[in-house]
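Enquirer: coords please:
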Amino acid sequence: MSTPPSAKRRRIEGDIITIKVGTGKVESLTVHESLLRARGGFFEAALKQQWREGQTREIELPEDEPDIVAAYIEWLYSGKIEPLSCKPPTPVSHGAMRGTHVTLAKIYVLAEKLGDDDACNVTIDSWVSLLCNRRGENGGLVPVPDWDAIKTIYEGTPVGSPARRFLIFLYSKGPKKRVTNLDGSAHEGYLIVPEFLLDLTCELLPDIGVKRKRLELGSIAETWYKEPRK
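Expert: I've put the predicted structure just below:
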């Protein structure tokens with residue numbers, strides 16, 4: 001007698017939806033419809049029968065990148081958002097870390113657009129884990145997100161976003177040696193993302209003259225959640 005599928009297995013059986021990502025060279029990704037509907041928001045609305053997507057079983061995301069959407073889909077199945085550079089144990093280069101910061105920023109913005117608060121929160125968890133548990137080149141501290149990641153977050157999130165507050169925290173509360181990304185490119189970066197400069201200035205004014213301490217991110221990740229974890 002065969003063993004019946006587990007409840008978890010049953011939840012991911014059923015119809016398949018194709019997500020077409022990008023423009024020009026479009027990449028098609030597939031995912032179980034039940035997983036998309038469980039997220040509510042964008043996907044639940046798109047898959048209603050009265051809309052074209054609900055009839056064709058295809059959803060188009062022309063403005064997004066296949067790798068970023070694929071990372072989101074992987075989270076639907078695994079419950080993890082874990083870019084390569086987040087995985088221990090070996091140190092990685094600053095260049096690889098900067099790339100990972102941008103990837104996490106893009107995943108967060110996608111989750112924001114889809115209205116998926118849980119995915120936003122898990123992305124913050126991955127970001128905090130990256131900064132707390134990995135080592136940079138020569139065993140040094142992992143660099144904080146630089147202008148590319150900051151620009152991605154500020155262009156893709158509303159004023160007061162938890163992700164914006166997370167970035168401001170890193171630059172305003174962390175040890176000075178960690179905030180190396182501002183050196184050299186600071187003036188150009190401030191012109192690219194003036195809202196970041198304004199937010200950072202407002203945060204720093206009360207702390208002028210206060211010595212920075214070691215970041216203790218792990219215990220306060222929920223500070224930047226979209227909503228409390230259930």
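Enquirer: all contacts plus neighbour counts: C-alpha atoms, from now on.
Expert: OK.
Enquirer: Do a quick rundown of the strands in this protein.
Expert: 16-21, 27-32, 58-61 (DSSP state E).
Enquirer: Give me whichever of those strands is most buried.
Expert: Highest mean neighbour count of the strands of the chain: strand 16-21, a mean of 20 (counted as mean count of other C-alpha atoms under 10 Å).
Enquirer: elements contacting that strand?
Expert: If you count contacts as 3 or more C-alpha pairs under 8 Å, 6 or more residues apart in numbering; DSSP states H and E, strand 16-21 packs onto strand 27-32, strand 58-61.
Enquirer: Which residue ranges make up the domains of the chain?
Expert: Listed by automatic domain parsing, the domain ranges of the chain are 12-63, 66-209+221-230.
Enquirer: Compare the mean pLDDT across these and name the weakest.
Expert: Mean pLDDT across the domains of the chain is lowest at domain 66-209+221-230; the value there is a mean of 81.
Enquirer: what about Ala119, distance to Ile192?
Expert: With distances taken as C-alpha to C-alpha, to the nearest Å, Ala119 is found 27 Å from Ile192.
Enquirer: again but with Val21, I slipped
Expert: 27 Å.
Enquirer: what do you get for Ile73?
Expert: 31 Å.
Enquirer: Counting neighbours, go ahead and name the busier of the two.
Expert: Counted by other C-alpha atoms under 10 Å, Ile73 and Ile192 do not tie: Ile73 has more neighbours, with 20 against 15.
Enquirer: pretty sure the more buried one is touching Val31, no?
Expert: Yes. Using C-alpha atoms under 8 Å, Ile73 makes contact with Val31 at a distance of 7.0 Å.
Enquirer: In the protein, spot the helix with the most residues.
Expert: In the chain, assigned by DSSP state H, the helix with the most residues is helix 94-114.
Enquirer: elements contacting it?
Expert: Going by 3+ C-alpha pairs under 8 Å, 6+ apart, helix 94-114 lies up against helix 41-46, helix 66-78, helix 117-133, helix 147-156.
Enquirer: if we can go back for a sec, winner for burial among the domains of the chain?
Expert: The most buried one of the domains of the chain (mean count of other C-alpha under 10 Å) is domain 66-209+221-230, showing a mean of 17.
Enquirer: residues in contact with stretch 55-71?
Expert: 16-23, 27, 29, 46-47, 49, 53, 81, 83, 103, 106-107, 110 (C-alpha atoms under 8 Å, 6 or more residues apart in numbering).
Enquirer: Output that stretch as PDB, nothing but the C-alphas.
Expert: C-alpha atoms of stretch 55-71 as PDB (Å, rounded to 0.1, in the frame of the first residue of the first chain):
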ATOM      1  CA  GLN A  55      -7.500  32.400 -18.800                       C
ATOM      2  CA  THR A  56      -4.100  31.900 -20.500                       C
ATOM      3  CA  ARG A  57      -2.400  30.600 -17.300                       C
ATOM      4  CA  GLU A  58       0.500  33.000 -18.000                       C
ATOM      5  CA  ILE A  59       1.700  36.000 -16.100                       C
ATOM      6  CA  GLU A  60       4.000  38.600 -17.600                       C
ATOM      7  CA  LEU A  61       6.600  40.500 -15.600                       C
ATOM      8  CA  PRO A  62       8.400  42.500 -18.400                       C
ATOM      9  CA  GLU A  63      10.100  44.900 -16.000                       C
ATOM     10  CA  ASP A  64      11.800  42.300 -13.900                       C
ATOM     11  CA  GLU A  65      14.900  40.100 -14.200                       C
ATOM     12  CA  PRO A  66      14.700  36.300 -14.600                       C
ATOM     13  CA  ASP A  67      17.200  35.600 -11.800                       C
ATOM     14  CA  ILE A  68      15.400  37.700  -9.300                       C
ATOM     15  CA  VAL A  69      12.000  36.200 -10.100                       C
ATOM     16  CA  ALA A  70      13.600  32.700 -10.000                       C
ATOM     17  CA  ALA A  71      14.900  33.500  -6.500                       C
END
